[in-house]
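Asks: Turn this into a structure:
(chains A and B)
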Amino acid sequence: MDSIAQRREEILAKKAKLAELKKQRELRRAEGSNRQSLSGSPAREILSPTPRRNDVEQRRDLDKYLDDILGDSRPSSVQPGSPAGGRATRPTSVISASQLSSDNEAQAGAGTHYQIPTSMVDQGIQTLSIGNLTTVYESEGVDVGPPPKRDTEVVTYSKGVQADIDWSPRKTRGSGESDSERDESPTRSPRTPKRMSRRQKERDEEIRLQLKKEIEEEIKAAQKAVDAGEVQKVSGENYPFKTLSNEELTAVENSNDFIDFVERSTKVLERALDQQLDYDILADYALGGASIDEEDEGYGSSGGKKGRRIREIAQFWDERWSKKRMISDLGFSTKFPELVLASYTKNPSAPHDPDGLIQVWNLHMHDRPEYIFHAQSDILTAKFSPFHPNLIIGGAYSGQVLLWDTRAKSSPVQKTPLTGSGHTHPVYSIDIVGTQNANNIISASTDGVVCGWTVDMLSQPQEFLELTSPPPAKTDDMAVTCIAFPQSDPTYFLAGTEEGSIYPCHRYDRAGAKAGVDGRVKYGGHAAPVMSLDFHPAKGQIDLGDLVLSSSVDWSVRLWKVRPPAATGPSNTSAPGAAQHVTSILDIAREDLVYDARWSPVKPSVFGLVDGAGSLEVWDLNVDVEIPVQKVTPSENKRGALSGGMGSMKRSLNKLSWEKNEGRRVAVAGMDGVVTVFEVGSDLGGVETKGEEWSGVKRLVGRLEGASEGVNGK
Amino acid sequence: MLQSDETLAHLTRISQKPGVQSTLILSRENGAIVRTSGLISNSTSANPNSTLPASNDTAPDNYANGKKEQSAEDVASKVWSFLTAAGSLVDGLYEEDEVKLLRLRTKKNELVIIPDTKFILVLVHDTPPA
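Replies: Okay, the predicted model is just below:
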């Protein structure tokens, strides 16, 4: 407050000085007008018949001067005349302004009076601006706003003052008050300034400059003072910082604001810290330089040809949530390739925690999930909706289909009822098919029920289909373990069963085939439950969309060439009831149970599989159909791997998922609850594929087909 | 209560990450210190409950390096004025914009400041060796 008072004093002093200067000038002017009146023509000098030489000269000069000015800028030429009106009243008007108008008013005034100067060419813009400067700076002082830039301030200022104080009073007062200058001004023509003598003008100019300088200095000083005051004030308010009592502390910490804030900000912090570990943007390569290439051949990475390498890049495990849970499904987000979700079964030792759990991990945040979602029952399958990046769908052991939203809290935003028309058995397979604007959730439970749902309404299935085993089987029941849709046709799918056969199914009745299992074709070969089915993601030059990969716990992976649904029409049926038995075109025997096998989303010949021994194998059919290109095991850095206590079982890998956009990353997970993400070399992933890779697969399939048909023929 | 425990767990875990020297949460309304870790308080009235355990591996190092533990009040006021300056910078340059994150790298440390509507989170950690 001291500083403000001090400033005010300074301002007053300045004002006094200003007033003095004005007085001097007025005196001078009075002299000039005297001279004018002496010359005999009070009204118009131009008309005077015998102008003194001095006057003529003056006029010539004046004209020249005026021309210059008019060509240049109008306001400056206008100035000398107008100050007369403004100046005498200035001191009072300034005081009244500062007293009466609050900061807001002054600011508002500045805003509303913007246009006025243009209409009032005659007003003394410059002079007025000077007077007002002080007002503005005062308001700034009171305000805690940012230090204003000098240039802009002057501009705003002049406009505000002029309109506020001078214009209206003049109108009302008009001729009432007798100020010698003011009396004169109404009678003067707009060209009054012309009459000013050059000398006077020069003097005026000088004074003005001087004033300007002084005022600028004053402003600078004032600003300094303001700044100092601001700092003082701020530190005064916040230092020493207030100490919270215990009650206040708990109140703050239990407020939703605080919880939300911590939730958000700690995520940012973790990302910031993790990002730092990846790469230091301030790295100076001129220093040190002793760091060796970190492509070590240790655990979790693999040697071999460079393009075929696989490198472990992240492992996700959370002490609180991942413990004693098994991972039941994995999926990358299509919109945000750094996000990978994992669904978990229940933790038997924590009965109070929710049974079902989904954690969404971020490759840029290693120690903590981005999102956590809960469910009442173990979640057996889950995936990001490819059509809506915020939605996650899942299937539960209870038979429910659940929908979570990353914008909502951890509980599902929608779920199917436990009773009623949906599933009553565990849902192990779920998918979203269709297009961006028309898509359905398709879920399959182990009792053979397949339901179609709309994302908007999970209270009742849109479609209900019960799959039954075709005639040769001893019972009608069909235990579906997995379903898979081809890229091209959302009305047709394959269902893998526990007895090992794979059946084509139709969602709707069509010519010659009713909805449900198409009994005329059966893909037999697996001797144990089918664990996964995957259609080739046909996106290349050659359509390979009829290739299907299946994995089974009979220790094998099989490659199938699926008959197109149209070819299974009535013309094809030689003997009704006698199912056409189709065998796989390639049977790859492995050394352990194969839990999952998935095509690479970009490389036509590459697929990955995970097995019960805990290894990830990446195959390239163009390179070899008998041994994998790469085989790696996740490292055991994370504690979860050691805490299982289930012997070799703990290392088993259940699920595998490719990152969909680039195919560079593959996530695997299993019994120990650890998600491991690998990055594959350029031969096994990455968007650029060569044409020969596609044709290579085509040729291979043709060869294999011929061979298997030959076998069948015998 | 459970939620608040989780919140605390997040904070504790962050403050115990390797390399993290200290954390500080300020209230934006009155500048009160809500939580600290790795900082000492020079005010006797400070609430001991607001202090969280710091990361163990760095605490002895600090002394070995001759770094003194800083007082929370000190850090808080400096961060506050830094934030004010940054805020006025942003206000001056872009209207209707606000500061979301400040990362300040020094030779030895990095400050990460996350201002929010109601609170400010500050974290000081070692800069990885160049």
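
Asks: which stretches of chain B form helices?
Replies: Assigned by DSSP state H, chain B shows helices spanning B:2-15, B:58-64, B:72-93.

Asks: for these, which one sits closest to A:G540?
Replies: helix B:2-15 (45.0 Å; CB to CB). To be clear about C-beta, it is placed using only N, CA and C from the backbone, and glycine gets the same treatment.

Asks: weakest of the helices of chain B by average pLDDT?
Replies: Of all these, mean pLDDT reaches its minimum on helix B:58-64 (a mean of 39).

Asks: of all the helices of chain B, which lies closest to A:P389?
Replies: Checking the helices of chain B against A:P389 by CB to CB gives helix B:2-15 as the closest, at 24.7 Å.

Asks: How much space separates B:A72 from chain A?
Replies: From B:A72 across to chain A, the span is 8 Å (CB to the nearest CB, to the nearest Å).

Asks: Correct me if wrong: that residue contacts B:I33.
Replies: Yes - using CB atoms under 8 Å, B:A72 makes contact with B:I33 at a distance of 5.6 Å.

Asks: picking up where we left off before, now the helices of chain B as a markdown table including mean neighbour count?
Replies: Shown next, in a markdown table, are the helices of chain B (neighbours: other CB atoms under 10 Å in any protein chain shown):
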| stretch | mean neighbour count |
| --- | --- |
| helix B:2-15 | 16 |
| helix B:58-64 | 13 |
| helix B:72-93 | 17 |
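
Asks: Output these in CSV; the columns should cover distance to A:G307.
Replies: Listed next are these as CSV, based on distance: least, CB to CB, whole Å:
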stretch, distance to A:G307
helix B:2-15, 39
helix B:58-64, 41
helix B:72-93, 46
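
Asks: quick one: the residue of chain B most remote from its centre from chain A, how far?
Replies: Computed with CA atoms, centre = their mean, the maximum C-alpha offset from the centroid of chain B is found at B:E95, amounting to 27.4 Å. Separation of B:E95 from chain A (CB to the nearest CB) stands at 12 Å.

Asks: Ok, B:S37 next?
Replies: Separation of B:S37 from chain A (CB to the nearest CB) stands at 13 Å.

Asks: so that residue sits right up against B:S15, yeah?
Replies: Yes - shown here, B:S37 and B:S15 form a contact pair, counting by CB under 8 Å, at 3.9 Å.

Asks: What parts of the stretch 251-400 of chain A come near chain B?
Replies: Counting by CB under 8 Å from any CB of the partner chain, the positions of the stretch 251-400 of chain A adjacent to chain B are A:252-254, A:257-259, A:261-266, A:268-270, A:272-273, A:276-277, A:280, A:282-284, A:287-288, A:320, A:367-368.

Asks: Mind giving me the PyMOL command for buried ones among those?
Replies: To isolate in PyMOL the members of these that are buried, counting by 16 or more other CB atoms under 10 Å in any protein chain shown, one can use:
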select buried, chain A and resi 252+253+258+259+261+262+265+266+268+269+270+272+273+276+368
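
Asks: which ones among the residues of the stretch 251-400 of chain A next to chain B are found in helices?
Replies: Within these, membership in helices is found for A:252-254, A:257-259, A:261-266, A:268-270, A:272-273, A:276-277, as judged by DSSP H.

Asks: got the phi/psi numbers for the residue lying closest to A:R651 once chain neighbours are set aside?
Replies: Leaving aside its chain neighbours, A:R651 sits nearest to A:G614 (3.3 Å; criterion: CB to CB, 6 or more residues apart in numbering or on different chains). Main-chain torsions, A:G614, degrees, to the nearest 10: phi 90, psi 20.

Asks: Equivalent analysis for the one 5 residues further on, please.
Replies: Its backbone dihedrals place A:W619 at phi -110, psi 150, with angles given as degrees, to the nearest 10.

Asks: For it, give me its contacts.
Replies: A:588, A:606-609, A:625, A:628-629 (CB atoms under 8 Å, 6 or more residues apart in numbering or on different chains).

Asks: Report the buried members of those residues.
Replies: Buried by 16+ other CB under 10 Å: A:588, A:606-609, A:625, A:628-629, out of the contacts of A:W619.

Asks: Tell me where the stretch 151-300 of chain A is predicted with low confidence.
Replies: Scanning the stretch 151-300 of chain A with the threshold set as pLDDT under 70 gives A:151-197, A:224-244, A:277-278, A:287-300.

Asks: Mind doing that once more with 50?
Replies: Residue ranges of the stretch 151-300 of chain A with pLDDT under 50: A:151-192, A:229-240, A:289-300.

Asks: Is A:I392 in a helix, a strand, or coil?
Replies: Three-state call for A:I392 (DSSP: H, G, I helix; E, B strand; the rest coil): strand.

Asks: What sits closest to it if chain neighbours are left out?
Replies: The shortest distance from A:I392 to any residue other than its chain neighbours is 4.4 Å, reached at A:W404 (CB to CB, 6+ apart).

Asks: Please tell me I have it right and the one you found contacts A:A396.
Replies: No - in this structure, A:W404 is not within contact of A:A396 by CB under 8 Å, at 11.8 Å.

Asks: list the residues that contact both of these two?
Replies: With CB under 8 Å, 6+ apart as the test, A:W404 and A:A396 reach no residue in common.

Asks: which element is the residue nearest to A:I392 on?
Replies: Assigning secondary structure by DSSP states H and E places A:W404 in strand A:401-405.

Asks: Equivalent analysis for A:D554, please.
Replies: Here A:D554 is covered by no helix or strand, with elements defined by DSSP H and E.

Asks: Tell me, how many residues neighbour it?
Replies: 19 (other CB atoms under 10 Å in any protein chain shown).

Asks: gap between the residue nearest to it when sequence neighbours are not counted and chain B?
Replies: Of all residues beyond its chain neighbours, the one nearest A:D554 is A:A528 (3.8 Å), with distances taken as CB to CB, 6+ apart. Going from A:A528 to chain B by CB to the nearest CB gives 43 Å.

Asks: same check, this time on A:E499
Replies: For A:E499, the distance to chain B equals 46 Å [CB to the nearest CB].

Asks: which SS state does that residue fall under?
Replies: The assignment at A:E499 comes out as coil when based on three-state DSSP.

Asks: mind listing what it touches?
Replies: Neighbouring residues of A:E499 by CB under 8 Å, 6+ apart: A:479, A:529.

Asks: Would you quantify the distance from A:I585 to chain B?
Replies: The gap separating A:I585 from chain B is 52 Å, by CB to the nearest CB.

Asks: Once you drop chain neighbours, what's closest to that residue?
Replies: A:L704 (4.1 Å).

Asks: looking at this, that neighbour is in a helix?
Replies: Yes - according to three-state DSSP, A:L704 belongs to a helix.

Asks: what about it, how many neighbours?
Replies: Residue neighbour count, defined by other CB under 10 Å, stands at 18 for A:L704.

Asks: if I pick it, what's in contact with it?
Replies: Here A:L704 is in contact with A:559, A:585-586 (CB under 8 Å, 6+ apart).

Asks: Who are the contact partners of the residue lying closest to A:E626 once chain neighbours are set aside?
Replies: Spatial nearest neighbour of A:E626, excluding adjacent residues (CB to CB, 6+ apart): A:I588 at 7.3 Å. Counting by CB under 8 Å, 6+ apart, A:I588 touches A:556-559, A:619, A:625-626.

Asks: List buried residues within these.
Replies: The buried subset of the contacts of A:I588 - by 16+ other CB under 10 Å - is A:556-559, A:619, A:625.

Asks: tell me the secondary structure for the residue nearest to A:V602 when sequence neighbours are not counted?
Replies: Spatial nearest neighbour of A:V602, chain neighbours left out: A:G663 (3.6 Å); criterion: CB to CB, 6+ apart. Three-state call for A:G663 (three-state DSSP): coil.

Asks: Tell me how far A:G663 lies from chain B.
Replies: 31 Å.

Asks: Give me the secondary structure label for A:R199.
Replies: helix.

Asks: Low-confidence bits of chain A, can you list those?
Replies: Along chain A, segments meeting pLDDT under 50 span A:37-51, A:73-192, A:229-240, A:289-301, A:568-576, A:640-646, A:713-714.
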